[in-house]
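[1] return atomic coordinates for the entry below.
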Amino acid sequence: MKSRKVCSSRFRKLDFMRYFKAAVLAVTVMVFAGFSSLSAALAKTPINAVATVGMVADAVRAVGGDNVTVEALMGTGIDPHSYRQTRSDVVKLGRADAIFANGLFLEAQMEDLLLKLQERKPVFFIGEAIDPAKLEGSTAYTGRYDPHVWMSPTLWQGAIDGVTEAFVSMDPENEQEYRSNAKAYLAQVQELAKYGDKILQTVPQEHRVLVTAHDAFTYLGRDFNLEVVGIQGISTNSEAGLQRIEALVDLLVDRKVTAVFVESSVSERNVRALVEGAAAKGHKVEVGGELFSDAMGQSNTYEGTYIGMIDHNMTTITRALGGEAPAQGMQGKLGAGH
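    Numbers count the residues shown, from 1 in each chain. Just a heads-up that it's a prediction; the model follows:
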């Protein structure tokens with residue numbers, strides 16, 4: 001009986017060791033499974049992207065989809081030509097996984113900083129992805145191009161392609177998703193171009209003169225056969241002198257221009273001076289509306305998207321210059337606040 005007790009005790013020890021090893025194995029599997037889940041979660045963390053202006057942020061958000069979080073440094077009414085980064089901007093740029101700018105010297109005061117950041121993290125100048133042969137020269141800076149490329153829905157498609165390739169280079173595993181998102185976004189931009197062509201061609205020939213606060217609409221004018229006259233040059237840093245104002249007043253009177261336009265990110269002072277100058281010569285000119293030039297509309301509104309911004313501009317210009325366009329624009333959303 002004693003030997004049976006010893007034998008029984010030995011079996012109990014063996015059973016204990018067997019159960020112990022099984023428990024250790026189970027815990028090990030659970031731990032590795034936990035690490036695996038954590039790694040997967042970390043791998044799915046969205047890319048933290050910072051964009052300079054709203055138009056760029058809109059493209060980045062559309063192409064990146066769920067794989068990206070986007071913040072724009074400059075909101076509605078902000079002039080990117082003269083904007084200087086704040087301390088909080090520098091912190092945001094430093095923490096970003098990727099930075100997207102228009103480039104082409106739009107962000108003139110930030111360019112040195114962006115180039116320095118490019119030495120240690122991805123910084124993409126998406127306007128520079130567009131074929132230079134399709135760009136207009138700058139009247140403000142020798143050897144540079146007009147940076148307002150978003151004003152042409154056709155031209156802007158090249159910048160969207162630049163965003164797509166940027167994401168693919170950073171995150172090749174999600175290439176198909178990025179390309180699918182880009183395809184859907186490009187389809188909207190192409191519809192916008194068709195809408196612009198349809199409505200702007202209804203503007204009578206004698207009224208096809210677009211006078212704005214600064215020379216930001218050259219590409220739109222080129223696309224839709226409008227003569228564009230900016231009171232200031234391509235950069236808002238260039239001031240319009242008295243002689244310039246007087247010359248433009250004469251143009252309004254001689255060409256019988258009946259509408260001029262203010263811009264959301266530029267002072268109205270010079271435009272009002274034109275209206276008053278024309279009135280002094282017996283010619284009535286009205287402010288045809290406010291256009292979005294270097295910044296989109298308020299966030300969380302239709303005009304606060306790229307599509308809504310350009311829809312608003314094209315619709316406002318068409319109606320003010322005597323053409324035919326629906327008051328609520330291409331999608332019936334203008335002025336709806338969403």
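
[2] check which element follows the lowest-mean-pLDDT helix or strand in the chain along the chain.
    The least trusted helix or strand in the chain, going by mean pLDDT, DSSP states H and E, turns out to be helix 2-43, with a mean of 40. Secondary structure here is assigned by DSSP states H and E; on that basis, the next helix or strand after helix 2-43 toward the C-terminus is strand 47-51.

[3] buried set for that next one?
    Of the residues in strand 47-51, those with enough neighbours to count as buried (16 or more other CB atoms under 10 Å) are 47, 49-51. C-beta coordinates here come from the backbone N, C-alpha and C atoms, glycine included.

[4] try stretch 186-200
    By neighbour count, with 16+ other CB under 10 Å as the criterion, the buried positions of stretch 186-200 are 186, 189, 192-193, 195-196, 199-200.

[5] how about the strands in this structure?
    Secondary structure of the chain (DSSP state E): strands located at 47-51, 68-72, 98-101, 123-125, 209-214, 227-232, 259-263, 286-291.

[6] which one of those strands lies nearest to E107?
    strand 98-101 (5.6 Å; CB to CB).

[7] and that closest one, how far from the chain's centre?
    Averaging C-alpha coordinates over strand 98-101 and over its chain gives two centres that are 11 Å apart (CA atoms, centre = their mean, to the nearest Å).

[8] name the residues that touch it?
    The set of residues that contact strand 98-101 without belonging to it, under CB atoms under 8 Å, 6 or more residues apart in numbering, is 47-53, 56-57, 59-60, 93, 107, 110, 114, 117, 121-126, 163, 166, 170.

[9] ok, back up a step: turn the buried residues of stretch 186-200 into TSV, columns for pLDDT and distance to G332.
    Conversion of those to TSV gives the following (pLDDT from 0 to 100; distance: CB to CB, whole Å):
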residue	pLDDT	distance to G332
L186	98	22
V189	98	18
L192	98	14
A193	98	18
Y195	98	12
G196	98	16
I199	98	14
L200	98	18
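
[10] could I get those residues as a markdown table with distance to L242?
    Below are the buried residues of stretch 186-200 laid out as a markdown table (distance: CB to CB, whole Å):
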| residue | distance to L242 |
| --- | --- |
| L186 | 45 |
| V189 | 41 |
| L192 | 38 |
| A193 | 39 |
| Y195 | 39 |
| G196 | 35 |
| I199 | 36 |
| L200 | 33 |
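
[11] now, the residues you listed that are in helices?
    Among those, DSSP state H puts 186, 189, 192-193, 195-196, 199-200 in helices.

[12] grab the CA positions of stretch 324-337 and hand them over as PDB.
    Extracted as PDB, the C-alpha positions of stretch 324-337 are listed here (Å, rounded to 0.1, in the frame of the first residue of the first chain):
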ATOM      1  CA  GLU A 324     -27.600  82.100 -66.300                       C
ATOM      2  CA  ALA A 325     -26.900  79.800 -63.300                       C
ATOM      3  CA  PRO A 326     -29.000  78.300 -60.600                       C
ATOM      4  CA  ALA A 327     -28.900  80.500 -57.400                       C
ATOM      5  CA  GLN A 328     -28.000  77.400 -55.300                       C
ATOM      6  CA  GLY A 329     -25.300  76.200 -57.600                       C
ATOM      7  CA  MET A 330     -24.300  72.900 -59.100                       C
ATOM      8  CA  GLN A 331     -25.600  70.700 -56.300                       C
ATOM      9  CA  GLY A 332     -28.300  73.000 -54.900                       C
ATOM     10  CA  LYS A 333     -26.200  73.500 -51.700                       C
ATOM     11  CA  LEU A 334     -25.000  77.100 -51.900                       C
ATOM     12  CA  GLY A 335     -26.000  79.100 -48.900                       C
ATOM     13  CA  ALA A 336     -27.500  76.000 -47.200                       C
ATOM     14  CA  GLY A 337     -24.900  76.200 -44.400                       C
END
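
[13] can you list the buried residues in stretch 245-257?
    Along stretch 245-257, the positions that meet the burial threshold by neighbour count (16+ other CB under 10 Å) are 245, 248-249, 252-253, 257.

[14] just stretch 200-220 next, same as before
    Residues of stretch 200-220 classed as buried under the neighbour-count rule (16+ other CB under 10 Å) are 200, 203, 207-220.
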